[in-house]
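Enquirer: What would the 3D arrangement of this be:
(chains A and B)
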Amino acid sequence: DVKVTQSSRYLVKRTGEKVFLECVQDMDHENMFWYRQDPGLGLRLIYFSYDVKMKEKGDIPEGYSVSREKKERFSLILESASTNQTSMYLCASSYPGSKNIQYFGAGTRLSVL
Amino acid sequence: AQRVTQPEKLLSVFKGAPVELKCNYSYSGSPELFWYVQYSRQRLQLLLRHISRESIKGFTADLNKGETSFHLKKPFAQEEDSAMYYCALAYNFNKFYFGSGTKLNVKP
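Expert: As a prediction, this is how the structure comes out:
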């Protein structure tokens, strides 16, 4: 079974702090994704990575950056957290090709005070 | 630009009633569409894909290219179907666009 693990279920940070959200997958998937999930807005793609050290911006990359130094790990970085970044963050991974199914982590609920 | 629209934020039906969750898409290429489901306190998971043409937990979805729709249907809703449902479009082979979601509430 595919496992996508997000390091924290809940995080509380202060405005201006640098925040790291970590995600690890154990299925050797090439693709990894970061989304934020907000009521009424659904899932919005922040960043996508299709290989180690490769990344593409999604629909809402402003205020975020990512790091993928190893295939299994994809980190989301909030350089200077702001209150409008309070949200649920979901990590996902997938294998490119005909299956194209995304597997999701349990999510990290981030509150920025 | 690719888009996925789920017009209903909330859908309430009684147990045993038919249910249809609507999804419309906008995409110039050949679409690959999915339904994902999130039950309470569980992670988001795949429900079904249009390519598979299968029925999962009694749900089916047919891709209608003429109407650009991929509605999710079940003839007899069960209380355990209560969840958040997201329609998703895969584009550029690897990227996904999700709709805003429909919360299904099945009343006893």
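
Enquirer: Number of residues surrounding the closest residue to residue A:70 other than its chain neighbours?
Expert: In space, and not counting its chain neighbours, residue A:70 is closest to residue A:52: 6.6 Å by CB to CB, 6 or more residues apart in numbering or on different chains. C-beta: built from backbone N, CA, C; applies to glycine. Look at residue A:52: counted by other CB atoms under 10 Å in any protein chain shown, it has 13 neighbours.

Enquirer: repeat for the one 3 residues further on
Expert: The local packing count at residue A:55 equals 18, with neighbours defined by other CB under 10 Å.

Enquirer: Name the nearest residue to it, sequence neighbours excluded.
Expert: Per CB to CB, 6+ apart, closest to residue A:55 is residue A:49, 4.8 Å.

Enquirer: Centre of the chain to the one helix or strand the one you found maps to, how far?
Expert: Element membership for residue A:49, per DSSP states H and E: strand A:42-51. Here the centre of strand A:42-51 is set off from its chain's centre by 7 Å, with CA atoms, centre = their mean, to the nearest Å.

Enquirer: Then stretch A:103-111?
Expert: Counting by CA atoms, centre = their mean, stretch A:103-111 comes out at 8 Å from the chain centroid.

Enquirer: can you give me the strands in chain A?
Expert: Secondary structure of chain A (DSSP state E): strands at A:4-6, A:10-13, A:19-25, A:31-38, A:42-51, A:54-57, A:64-70, A:73-78, A:87-94, A:103-104, A:108-112.

Enquirer: before we move on, back to that, which residues touch the strand holding residue A:49?
Expert: Contacting residues not belonging to strand A:42-51 are listed as A:30-38, A:55-61, A:64-66, A:68, A:71, A:74, A:76, A:90, A:96, B:6, B:44, B:86, B:94-101 [CB atoms under 8 Å, 6 or more residues apart in numbering or on different chains].

Enquirer: and the longest strand for chain B?
Expert: Per DSSP E, chain B has its longest strand at strand B:83-91.
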